[in-house]
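Undergrad: Need the 3D shape of this:
(one chain, ligands or ions: 1)
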Amino acid sequence: MVKTVEAPEGTSGRGFFVTSFEKAVGIARKNSIWPLPFATSCCGIEFMAVMGAHYDLARFGSERLSFSPRQSDLLMVMGTIAKKMSPILKEVYIQMAEPRWVLSMGACASTGGIFDTYSVLQGIDRIIPVDVYIPGCPPRPEQIIDGIMRIQDLIGNESLRRRNSQEYKELLAGYHIE
Ligand code: SF4
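TA: The predicted structure follows:
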């Protein structure tokens, strides 16, 4: 059945749509994220569940995983990061083009988790900036989807000027990332 919507009184009936360029770019970006899964242990298994048919991350436009930092804009760190692995994680982040975002998934990536030991990095935010943290050991797929949606909110509302701002450059300089 075709339903006809009447034009408001006093209008021509022709529709129009107003937005800003920033908003349009934000909508396009947030619905076409290319995640790079940096999975080192059990949290990665939970991410596989999110990619399956039941949770279906494709609904959020994020099904195209990228294993090349050059072709990804969301670094998803999941699992324990040993200190010996830290330089590699940092290098992967540096190789990603701007704009890039980071999602820390699970207790281990965010704080070291149960591995409070000399050989484990006690949170990836000691070496790279993190945009969203997902708690849990491991987080449930619903939490991961919630984290992706929070990243989408950040992306959709981010100013196009932010990456060139002095504030952002100082943030990276604090992590010794030029
Ligand atoms: S947070 Fe828990 S599930 Fe995730 S990598 Fe650490 S020990 Fe494994």
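
Undergrad: Tell me the spatial nearest neighbour of residue 84, not counting adjacent residues.
TA: residue 119 (7.5 Å; Cβ to Cβ, 6 or more residues apart in numbering). Where C-beta positions appear, they are placed from N, C-alpha and C, glycine not excepted.

Undergrad: Show me what from this structure comes close to the ligand.
TA: When proximity is defined as Cβ under 6 Å from any ligand atom, the chain approaches the ligand at 41-43, 79-80, 106-108, 113, 137-138.

Undergrad: Which of those fall within helices?
TA: Under the assignment DSSP state H, those contribute 43, 106-108 to helices.

Undergrad: Quick check: phi and psi on the closest residue to residue 122 other than its chain neighbours?
TA: Nearest residue to residue 122, sequence neighbours excluded (Cβ to Cβ, 6+ apart): residue 112, at 3.8 Å. The phi/psi pair for residue 112 (degrees, to the nearest 10) reads phi 90, psi -20.

Undergrad: Can you get me a residue count around residue 112?
TA: Per other Cβ atoms under 10 Å, the neighbour tally for residue 112 reads 18.

Undergrad: residues contacting the nearest residue to residue 116 once chain neighbours are set aside?
TA: Nearest residue to residue 116 in three dimensions, chain neighbours excluded: residue 122, at 7.2 Å (Cβ to Cβ, 6+ apart). The contact partners of residue 122, by Cβ atoms under 8 Å, 6 or more residues apart in numbering, come to 111-112, 116.

Undergrad: want to throw those into TSV with pLDDT?
TA: Below are the contacts of residue 122 laid out as TSV (pLDDT from 0 to 100):
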residue	pLDDT
111	97
112	97
116	96
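
Undergrad: could I get these as TSV with distance to residue 152?
TA: Converted to TSV, the contacts of residue 122 look like this (distance: Cβ to Cβ, whole Å):
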residue	distance to residue 152
111	24
112	28
116	33
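
Undergrad: about what we covered before: shouldn't the residue nearest to residue 116 be within a strand?
TA: No: applying DSSP: H, G, I helix; E, B strand; the rest coil, one finds residue 122 to be coil, outside a strand.

Undergrad: can you name the two of the ones in helices among the residues of the chain next to the ligand that are farthest apart?
TA: 43 and 107 (8.7 Å; Cβ to Cβ).

Undergrad: more neighbours, these two?
TA: When residue 43 is set against residue 107 and neighbours are counted by other Cβ under 10 Å, the residue ahead is residue 43, at 27 against 21.

Undergrad: Any stretches of this structure with poor pLDDT?
TA: Regions of the chain meeting the criterion pLDDT under 70 cover residues 1-5, 8, 11-18.

Undergrad: What segments of it are strands?
TA: Assigned by DSSP state E, the strands in the chain fall at 35-39, 74-78, 101-105, 132-134.

Undergrad: got the ones you listed as a markdown table, with mean neighbour count columns?
TA: Formatted as a markdown table, the strands of the chain follow (neighbours: other Cβ atoms under 10 Å):
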| stretch | mean neighbour count |
| --- | --- |
| strand 35-39 | 22 |
| strand 74-78 | 26 |
| strand 101-105 | 25 |
| strand 132-134 | 22 |
